[in-house]
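1. My questions concern the predicted model and sequence given below.
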Amino acid sequence: AKYADYEGGVRGVCFVTGGVLPVDRWGLDLTNRRHRVSIADWYATFVELAGGVLEDRRAAKERLPPLDSRSLWPTISKG
C-alpha cells in the first residue's frame, strides 16, 4: 500500500553518503522522482548492502508471509 495516502506516511528527508555510492550519483536531488518507498524498504537495503539474505526459512516453515521490504539500493545507486 505504498501508493495509498492513508498509510500514515509522512514525507521525510534522507541522504546517502559514503564511498560505496557511485560518484555520478553524488549530490542528486531526487525530490521530483516517482519512487515511492516505505521505511520497511530500508531494512532490505541494509541487508543487501551487508551481504545478507532476506529469506527467513524458519518463518516460511511456519507459513508466515515473506517480508514486505524491497531494497532501495538499485534506485539509489543507478536510478
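-> Thanks, I have the structure now. Residues are numbered from 1 along each chain as shown.
2. Every contact and neighbour count from this point should use C-alpha atoms.
-> Will do.
3. got a list of what residue 25 touches?
-> Contact partners of residue 25, counting by CA atoms under 8 Å, 6 or more residues apart in numbering, are 76-78.
4. And it, how close does it get to residue 79?
-> 8 Å (CA to CA, to the nearest Å).
5. Name the residues contacting each of the two.
-> With CA under 8 Å, 6+ apart as the test, residue 25 and residue 79 reach no residue in common.
6. now, which of the contacts of residue 25 lie within helices?
-> Among the contacts of residue 25, the residues falling in helices (DSSP state H) are 76-78.
7. Which single helix of the protein contains the most residues?
-> With secondary structure taken from DSSP H, the chain has its longest helix at helix 39-49.
8. Quick one: mean pLDDT for that helix?
-> Summarised as a single mean, pLDDT over helix 39-49 is 90.
9. Return the set of buried residues in it.
-> For helix 39-49, the neighbour count (16 or more other CA atoms under 10 Å) marks 41-45, 48 as buried.
10. Share the number of residues neighbouring residue 63, please.
-> Residues near residue 63, counting by other CA atoms under 10 Å, number 9.
11. gap between it and residue 69?
-> In terms of CA to CA, residue 63 sits 18 Å off from residue 69.
12. re the thing from before, looking at the contacts of residue 25, which one is closest to residue 19?
-> Ranked by distance to residue 19 (CA to CA), the contacts of residue 25 are led by residue 77 at 11.7 Å.
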